[in-house]
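*Asks:* Sequence and predicted structure are below.
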Amino acid sequence: MLRNAKVATRLPAKDLDRARAFYSEKLGLDPIEQREGGLRYVCAGGEFAIFVSAGVQSGTHTQMGFEVEDIDAAVRELRARGVKFEEYDLPGLKTVNGIADIAGNYASKGVGERGAWFRDSEGNLLGIGQPVRS
(Lines give C-alpha, C1' and ligand atoms only; values in the text may rest on other atoms or scores of the structure.)
Protein backbone atom coordinates (compact mmCIF):
# COMPACT_ATOMS: atom_id res chain seq x y z
CA MET A 1 0.00 0.00 0.00
CA LEU A 2 2.61 2.62 1.01
CA ARG A 3 5.00 1.57 -1.74
CA ASN A 4 2.96 3.63 -4.22
CA ALA A 5 2.38 6.56 -1.87
CA LYS A 6 4.04 9.94 -2.33
CA VAL A 7 6.32 10.99 0.51
CA ALA A 8 6.23 14.56 1.79
CA THR A 9 8.28 16.14 4.57
CA ARG A 10 6.68 18.26 7.30
CA LEU A 11 8.77 20.89 9.09
CA PRO A 12 7.65 22.69 12.25
CA ALA A 13 7.81 26.48 12.61
CA LYS A 14 7.18 28.83 15.50
CA ASP A 15 6.70 31.80 13.14
CA LEU A 16 5.20 30.98 9.74
CA ASP A 17 5.82 34.47 8.30
CA ARG A 18 9.49 34.31 9.31
CA ALA A 19 9.79 30.82 7.79
CA ARG A 20 8.11 31.96 4.54
CA ALA A 21 10.57 34.86 4.28
CA PHE A 22 13.57 32.57 4.89
CA TYR A 23 12.51 30.01 2.30
CA SER A 24 11.76 32.74 -0.25
CA GLU A 25 14.72 35.07 0.33
CA LYS A 26 17.41 32.54 1.21
CA LEU A 27 16.38 29.41 -0.73
CA GLY A 28 14.42 30.96 -3.61
CA LEU A 29 11.36 28.84 -2.82
CA ASP A 30 7.80 30.12 -2.61
CA PRO A 31 4.78 28.10 -1.48
CA ILE A 32 2.42 26.89 -4.19
CA GLU A 33 -0.47 27.08 -1.76
CA GLN A 34 -1.25 27.89 1.83
CA ARG A 35 -3.87 27.21 4.45
CA GLU A 36 -4.40 28.40 7.99
CA GLY A 37 -1.18 27.53 9.83
CA GLY A 38 0.59 25.92 6.86
CA LEU A 39 2.55 26.47 3.67
CA ARG A 40 3.01 23.85 0.93
CA TYR A 41 6.07 23.78 -1.33
CA VAL A 42 6.79 21.59 -4.37
CA CYS A 43 10.24 20.88 -5.80
CA ALA A 44 11.18 18.76 -8.81
CA GLY A 45 11.23 15.48 -6.91
CA GLY A 46 8.92 15.94 -3.97
CA GLU A 47 7.12 18.31 -1.71
CA PHE A 48 7.23 19.61 1.83
CA ALA A 49 5.06 21.67 4.12
CA ILE A 50 5.88 24.04 6.96
CA PHE A 51 3.33 24.15 9.74
CA VAL A 52 2.87 26.17 12.89
CA SER A 53 3.91 24.13 15.91
CA ALA A 54 4.27 24.82 19.60
CA GLY A 55 6.73 21.92 19.82
CA VAL A 56 10.48 22.31 19.86
CA GLN A 57 12.49 20.77 17.03
CA SER A 58 15.71 19.13 18.18
CA GLY A 59 17.77 20.25 15.21
CA THR A 60 20.21 17.42 15.97
CA HIS A 61 19.59 15.45 12.78
CA THR A 62 18.89 16.24 9.15
CA GLN A 63 15.16 16.82 8.87
CA MET A 64 15.02 17.29 5.09
CA GLY A 65 17.55 16.99 2.30
CA PHE A 66 17.88 18.32 -1.23
CA GLU A 67 19.79 16.27 -3.81
CA VAL A 68 21.66 18.48 -6.27
CA GLU A 69 23.93 17.88 -9.26
CA ASP A 70 26.55 20.48 -8.26
CA ILE A 71 26.91 21.01 -4.53
CA ASP A 72 29.69 23.58 -4.91
CA ALA A 73 27.42 25.80 -7.04
CA ALA A 74 24.45 25.26 -4.69
CA VAL A 75 26.48 26.20 -1.60
CA ARG A 76 27.92 29.25 -3.39
CA GLU A 77 24.46 30.45 -4.45
CA LEU A 78 22.94 29.89 -1.01
CA ARG A 79 25.84 31.65 0.73
CA ALA A 80 25.34 34.61 -1.61
CA ARG A 81 21.74 34.71 -0.34
CA GLY A 82 22.94 34.75 3.28
CA VAL A 83 22.64 31.07 4.24
CA LYS A 84 25.20 30.03 6.87
CA PHE A 85 26.48 26.47 6.63
CA GLU A 86 27.34 24.23 9.56
CA GLU A 87 30.95 23.13 10.09
CA TYR A 88 31.68 19.71 11.55
CA ASP A 89 34.86 18.01 12.73
CA LEU A 90 33.63 14.66 14.01
CA PRO A 91 34.97 11.13 13.63
CA GLY A 92 33.92 10.14 10.10
CA LEU A 93 32.49 13.57 9.21
CA LYS A 94 34.59 16.65 8.58
CA THR A 95 33.48 19.63 6.55
CA VAL A 96 35.85 21.82 4.58
CA ASN A 97 34.34 25.18 3.67
CA GLY A 98 30.94 23.76 4.66
CA ILE A 99 31.09 20.59 2.52
CA ALA A 100 31.90 17.04 3.66
CA ASP A 101 33.07 14.12 1.55
CA ILE A 102 31.17 11.06 2.74
CA ALA A 103 32.37 7.53 2.02
CA GLY A 104 29.80 5.06 0.77
CA ASN A 105 26.35 5.44 -0.67
CA TYR A 106 23.47 3.30 -1.87
CA ALA A 107 24.61 1.30 -4.90
CA SER A 108 22.08 2.98 -7.18
CA LYS A 109 23.37 6.43 -6.12
CA GLY A 110 27.10 5.92 -6.58
CA VAL A 111 30.20 5.32 -4.51
CA GLY A 112 29.95 8.24 -2.10
CA GLU A 113 28.32 11.56 -1.41
CA ARG A 114 29.22 15.17 -0.75
CA GLY A 115 27.05 16.91 1.81
CA ALA A 116 26.42 20.29 3.43
CA TRP A 117 24.03 21.35 6.19
CA PHE A 118 22.35 24.56 7.29
CA ARG A 119 19.52 25.64 9.58
CA ASP A 120 16.37 27.39 8.50
CA SER A 121 14.90 30.33 10.39
CA GLU A 122 13.09 27.93 12.74
CA GLY A 123 16.10 25.79 13.70
CA ASN A 124 15.33 22.86 11.38
CA LEU A 125 18.52 21.22 10.09
CA LEU A 126 18.44 20.90 6.29
CA GLY A 127 20.96 19.12 4.09
CA ILE A 128 22.18 19.28 0.53
CA GLY A 129 23.68 16.16 -1.02
CA GLN A 130 25.45 15.36 -4.27
CA PRO A 131 26.00 11.70 -5.12
CA VAL A 132 29.52 10.79 -6.18
CA ARG A 133 29.16 8.46 -9.15
CA SER A 134 32.79 7.31 -9.54
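*Replies:* Cool, the structure landed. Values in this document were obtained by computation on a predicted structure and should not be read as measured data. Residues are numbered from 1 along each chain as shown.
*Asks:* So which residues of the chain form helices?
*Replies:* Secondary structure of the chain by DSSP state H: the helices cover 16-25, 71-80.
*Asks:* residues of stretch 125-134 that come out buried?
*Replies:* Of the residues in stretch 125-134, those buried by neighbour count under the rule 16 or more other C-beta atoms under 10 Å are 125-132. Quick note: C-beta positions are derived from backbone N, CA and C, even for glycine.
*Asks:* Average pLDDT for that stretch, rounded please.
*Replies:* Taken as a whole, stretch 125-134 has a mean pLDDT of 92.
*Asks:* outside of that stretch, which residues touch it?
*Replies:* Contacts of stretch 125-134 with the rest of the structure, by C-beta atoms under 8 Å, 6 or more residues apart in numbering, involve 59-71, 74-75, 78, 86, 101, 105, 109-120.
*Asks:* Out of the helices of the chain, which gets nearest to E36?
*Replies:* helix 16-25 (9.8 Å; C-beta to C-beta).
*Asks:* ok, residues contacting the closest one?
*Replies:* Judged by C-beta under 8 Å, 6+ apart, the contacts made with helix 16-25 from elsewhere in the structure are 11, 13, 29-31, 37-39, 41, 50-52, 81-82, 120-122.
*Asks:* again, 7 Å this time
*Replies:* 13, 29-31, 37, 39, 41, 50, 52, 81, 120-122 (C-beta atoms under 7 Å, 6 or more residues apart in numbering).
*Asks:* For it, what is the distance to the chain centroid?
*Replies:* Taking C-alpha atoms, centre = their mean, to the nearest Å, one finds helix 16-25 lying 14 Å from the centre of the chain it belongs to.
*Asks:* Return the set of buried residues in it.
*Replies:* For helix 16-25, burial by neighbour count (16+ other C-beta under 10 Å) applies to 16, 19-20, 22-23.
*Asks:* Throw these into TSV and include pLDDT, thanks.
*Replies:* Written out in TSV, the entries for these read as follows (pLDDT from 0 to 100):
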residue	pLDDT
L16	96
A19	97
R20	98
F22	98
Y23	98
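*Asks:* would CSV of those residues with distance to M1 be doable?
*Replies:* Listed next are the buried residues of helix 16-25 as CSV, based on distance: C-beta to C-beta, whole Å:
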residue, distance to M1
L16, 32
A19, 32
R20, 34
F22, 35
Y23, 32
